[in-house]
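Trainee: requesting a structural model of the entry that follows:
(chains A and B)
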Number of protein chains: 2
Amino acid sequence: LAHADYQSIRNYCQSYHPADIADALSSFPDSEARVVLGHAPAPLGAEIFSHLDEDVQASMASGMSRKDLAGLLAEMPPDDRADLFKKMSSELQENVLPALAQAEREDIRRLASYKEGTTGAVMTSDYAALSADLTASQAIDRLREAAPDKETIYYTYVVDEQRRLLGFVSLKDLITARRNARVGDIMHKDVIFSRVEDDQEASARKIQKYDLLALPVVNGGDALVGIFTHDDALDVITQETTEDMEKLAAITGAHEAGVYLKTPSWIHFKNRAYWIVGLAALGLISGVIIHSFQASLMHMLILALYMPMVADTGGNTGSQSATVVVRALALKEISPKDTFRVLYKELKISVLLALILGGLSWLKVMFLSRGDNIPMGISLAKAGFAIAAALALQVVTATLAGAILPLFAAKMKWDPAIVASPALTTVVDITGLLIYFTSAKLILGV
Amino acid sequence: LAHADYQSIRNYCQSYHPADIADALSSFPDSEARVVLGHAPAPLGAEIFSHLDEDVQASMASGMSRKDLAGLLAEMPPDDRADLFKKMSSELQENVLPALAQAEREDIRRLASYKEGTTGAVMTSDYAALSADLTASQAIDRLREAAPDKETIYYTYVVDEQRRLLGFVSLKDLITARRNARVGDIMHKDVIFSRVEDDQEASARKIQKYDLLALPVVNGGDALVGIFTHDDALDVITQETTEDMEKLAAITGAHEAGVYLKTPSWIHFKNRAYWIVGLAALGLISGVIIHSFQASLMHMLILALYMPMVADTGGNTGSQSATVVVRALALKEISPKDTFRVLYKELKISVLLALILGGLSWLKVMFLSRGDNIPMGISLAKAGFAIAAALALQVVTATLAGAILPLFAAKMKWDPAIVASPALTTVVDITGLLIYFTSAKLILGV
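Mentor: Next comes the predicted model:
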């Protein structure tokens, strides 16, 4: 490549999809990728660049000349451009801003000002807007002229002089309408929209629910300031579910297009260590409980042997209900006001599971500990019953805890996924041990 | 509602979005919902119906007259219609088919024939296709006429007489082209497409990667048979990630628009019991191992006290790496050929975690068991070291197992998520116990 002639780079860039070229460039050293981008035909270079991961973009940008970087920023889609801007060092930001046109500078500053995770931080400002007075055919002419600069011309928003949203028309509405029909007459007036401060996932789910291509986004003054598109929805949902899955496994950290192999091990370690170390610290409580029953364990070793089984089963059933409830909350299938219906349902499910798992654990004790010596003249069947009863009760408790903790978190506007994992593990460990030793005391008298 | 006048039903249906009306209808008894649908203005009724969950659709359909049902099917989008058809009883299927037009009958039969989970089973047959000889303005005229019947007219596919895919043009291309430009000259020839038998998630990820509105789908004979749209992509990705999350929590079962509160408890129980009971059975192996070391435990009770801590920590760290690797596989960030790079990375991460967690567990033993009597003149520090060393080794083993099992599953074309959960739990339990007791034997000599 270092010696490649520039004509073949141009040909290469024109015969593949920008997303595929970006994939290929990701594995090149920055300096070589910059050569390829620099020689790609003009708008294509920015398009390929926009398909790169943000981290790759930032590292490539830091090595570019001010002029090249400004040229690239001018041609990038506004949302990608603002994201890259946020990733740049403040020196680089201050260096490149003066090289941009006034309008671009303001656009970048505005889009970059919205908080991560809000709809404003994801939307783009390249939307098509029209006035209600135009005819359908005038509107199509405007869209035809505007097409190269707009993210989509299939949805157009109708605004008044204060850019307040009056309605929307699709290109389909426009081409199927009479040529001289007024936009104000054919537009849909009940527009589904979001606000800049709305959660990005909520906006993505609106796109999904109403099968939209784009969702208009308004600011505090009800003025249209951007659109959130169907491809934003796919990316946001992918990112949010990845983060939910990772939180359920007690992993912290934002997952923005985070490509596994490219994330440094150190970052992986930090994200994983956070809760795991926290859990180890919280484990002290379980440790104290186990130690306070040390005498019972010494007296009746069989209890020690089945302690891990009860802990494991509680953990497994608790994580089942937690996962289901966290997911149902994320998909808006349930909300905190359904708490009693959810608990009733989980109670039924857990009782069935408890009967089966309790029965199985009794059989397991009878089989594994056959011939073992149990003190105080207690029969194996009775010891097995105490263990099985504790396990069954723990299945019900853990399942209910797995359901109630995320619901409570949602009620308090906390993140259900993160509460579901470390908090659940700790709660279930503690209740499990208390149930286990209480059951031993009540049934076996130790 | 039972006494409501039909005019107000009509007004209601026209003033809300079909998706919202469907939401409201879901909580009505079937008979009342049928009344509302029956009195909604003609195409709107089918649109509202299409937004209902498939189970609700099926139960409502079973109570409709043959004529009403046939009328509804005729107006539903082909993909939703085929899905409903698959859910109907075979009597109902045979009853309604003769009431449909020949073309609709064949369309339903064909779409219903694709296997669940394939692109063919999700696509719709309402796509717009053109011949390459038309001019841009002729093409727009055709699309204008076809618009009411097509899922989208923004992407049009160019086909030859055998319906083989030659290229695609967007409506944006058409309206920005010269009026008399030939479609064959302005179309994009490198079309990104899927095959009917391709996995639905792979098609959804293509839509996401290339920012498409729709993806053309071809059959074995390379003929265009349908399109897979951006809203299909959102639904498929939501469904597939829900299933992956549930599998990671050892829950089986397909999750198709499965609304938590509407799924019977019995189904939830079945989906959860499957692997949990399996795990309880596999737990016999751990039970046997624990019992074979019963003598050591009796001799040195301190080992029994820390057995749950080692098991928990192994489970937690293993599920962290398993979650990350399962997700990276699903997002195509890694593939089985990256196995060594992934393992090297996980090895580094796990060694760091092992050092911290091992250190913490040593401190925990020193604190919790201070003053305990340990036999054979072994110091508490030494016993703590044996436990901490076992825990550290278990962290590394569990992390690597969590990474290697899903990669191996992907290599064998099995489902990484399901292997990651129950198989991992079992493997980690067993390795954990063996490491624990071996470490006790080597370091403490018990």
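
Trainee: need the nearest residue in space to residue A:83, chain neighbours excluded.
Mentor: Spatially, and ignoring its direct neighbours in sequence, residue A:83 is nearest to residue A:54 (5.9 Å; CB to CB, 6 or more residues apart in numbering or on different chains). Every residue, glycine included, has its C-beta placed from N, CA and C.

Trainee: just checking, that neighbour touches residue A:87?
Mentor: Yes: using CB atoms under 8 Å as the test, residue A:54 is close enough to residue A:87 to be in contact (5.5 Å).

Trainee: give me the contact status of the longest helix anywhere in chain A with chain B.
Mentor: Secondary structure of chain A per DSSP state H: the longest helix is helix A:380-411. No: for helix A:380-411 and chain B, the contact criterion (CB under 8 Å from any CB of the partner chain) is not met; the two come no nearer than 8.7 Å.

Trainee: helices and strands around that helix, which ones?
Mentor: When contacts are defined as 3 or more CB pairs under 8 Å, 6 or more residues apart in numbering or on different chains; DSSP states H and E, helix A:380-411 sits against helix A:301-330, helix A:339-368, helix A:416-418, helix A:424-439.

Trainee: rank these by pLDDT, which is bottom?
Mentor: Comparing mean pLDDT over the helices and strands packed on helix A:380-411, the weakest stretch is helix A:416-418, at a mean of 81.

Trainee: residues contacting that helix, please?
Mentor: A:243-244, A:247-248, A:252, A:325-326, A:329-330, A:405-407, A:409-410 (CB atoms under 8 Å, 6 or more residues apart in numbering or on different chains).

Trainee: also stretch A:278-289?
Mentor: Counting by CB under 8 Å, 6+ apart, the neighbours of stretch A:278-289 from elsewhere in the structure are A:250, A:422, A:425-426, A:429-430, A:433-434, A:437, B:305, B:308-309, B:312-313, B:316, B:357, B:360-361, B:364, B:367-368.

Trainee: convert the C-alpha atoms of it to PDB, please.
Mentor: What follows is stretch A:278-289 as a C-alpha-only set of coordinates in PDB (Å, rounded to 0.1, in the frame of the first residue of the first chain):
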ATOM      1  CA  GLY A 278     -17.400  -5.000  45.600                       C
ATOM      2  CA  LEU A 279     -19.100  -8.400  45.700                       C
ATOM      3  CA  ALA A 280     -16.000  -9.900  47.400                       C
ATOM      4  CA  ALA A 281     -16.200  -7.100  50.000                       C
ATOM      5  CA  LEU A 282     -20.000  -7.700  50.500                       C
ATOM      6  CA  GLY A 283     -19.200 -11.400  50.800                       C
ATOM      7  CA  LEU A 284     -17.800 -10.600  54.300                       C
ATOM      8  CA  ILE A 285     -21.400 -10.500  55.500                       C
ATOM      9  CA  SER A 286     -22.000 -14.100  54.300                       C
ATOM     10  CA  GLY A 287     -18.700 -15.000  55.800                       C
ATOM     11  CA  VAL A 288     -19.800 -13.600  59.200                       C
ATOM     12  CA  ILE A 289     -23.000 -15.600  59.000                       C
END
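
Trainee: for it, what does the pLDDT average out to?
Mentor: Looking at stretch A:278-289 alone, the average pLDDT works out to 86.

Trainee: centre of the chain to it, how far?
Mentor: Centroid separation for stretch A:278-289 versus its chain: 29 Å, with CA atoms, centre = their mean, to the nearest Å.

Trainee: repeat that for stretch A:331-346.
Mentor: Relative to where its chain is centred, stretch A:331-346 has its mean C-alpha point 21 Å off (CA atoms, centre = their mean).

Trainee: what residues does that stretch touch?
Mentor: A:205, A:321, A:325, A:328-329, A:399-400, A:402-404, A:407-408, A:410-411, B:238, B:242, B:259-261, B:265, B:268.
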